[in-house]
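>>> Everything below, folded, please.
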Amino acid sequence: MGKLFVEANRNLSTTLSIGSWVADATRPRRLKFYSLLFGSEATPADVGIYFVADRCTAAGTSTAVTPRPLDPGDAATESDAGESHTVDPTYSTTAVFAVSCNQRGGFIWTAAPGRELVTPATASNGLGFRTPTLNGGTPAATLGIYAEEQ
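Presented below is the predicted three-dimensional model:
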């Protein structure tokens, strides 16, 4: 348990998620998300992007990404992450973060202390990250996610 980082990449889609990060099915732990960094490495264009973090109860189907500990002395994670979804996570109707941005700009969000996005220690529960609205294209994008496992 400790502080972890996940990088999720994909060509943005209005129908499929960039990534998800959920509690492990056998030994679930709470996750406290404290920073999100979003940007596009595509050729600059004017694409409006609506970015949302939603609670989810199942991770969907994606390419596995191993959460990396920020302190190499920390134990291995008890959580599961994925990118480039081919089947979306099972979303609840509860968005916990939303921002509109432009492909040319991106964004960085860092939680004030005690205001992190917290998920339950329940198997396969966590957050999914998606772009349900795009205006002008489907650029390649990267999402950096920082969380603490408890």
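
>>> And the helices in the protein?
Applying DSSP state H to the chain gives no helices.

>>> Name the nearest residue to Cys150, sequence neighbours excluded.
Slight slip there: residue 150 is Gln, not Cys. Nearest non-adjacent residue to Gln150, counting by C-beta to C-beta, 6 or more residues apart in numbering: Arg30, 4.6 Å away. Heads up, the C-betas are built off the backbone N, CA and C, glycines and all.

>>> Beta-bridge partners for the residue nearest in space to the middle of the chain, please?
With distances taken as C-alpha atoms, centre = their mean, the residue of the chain nearest its centroid is Phe129 (4.3 Å). Listed by DSSP bridges, the beta-bridge partners for Phe129 are Gly19, Ala53.

>>> Output stretch 94-107 as CSV, nothing but the C-alphas.
C-alpha atoms of stretch 94-107 as CSV (Å, rounded to 0.1, in the frame of the first residue of the first chain):
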residue,chain,number,x,y,z
THR,A,94,-22.3,9.2,-10.2
ALA,A,95,-19.8,11.5,-11.9
VAL,A,96,-17.2,12.7,-9.3
PHE,A,97,-15.2,14.9,-11.6
ALA,A,98,-15.9,16.7,-14.8
VAL,A,99,-14.0,19.4,-16.9
SER,A,100,-14.2,20.8,-20.4
CYS,A,101,-11.0,21.5,-22.2
ASN,A,102,-9.4,21.9,-25.6
GLN,A,103,-7.0,19.5,-27.2
ARG,A,104,-4.5,22.3,-27.4
GLY,A,105,-4.5,22.9,-23.7
GLY,A,106,-5.2,19.9,-21.5
PHE,A,107,-5.5,20.2,-17.7
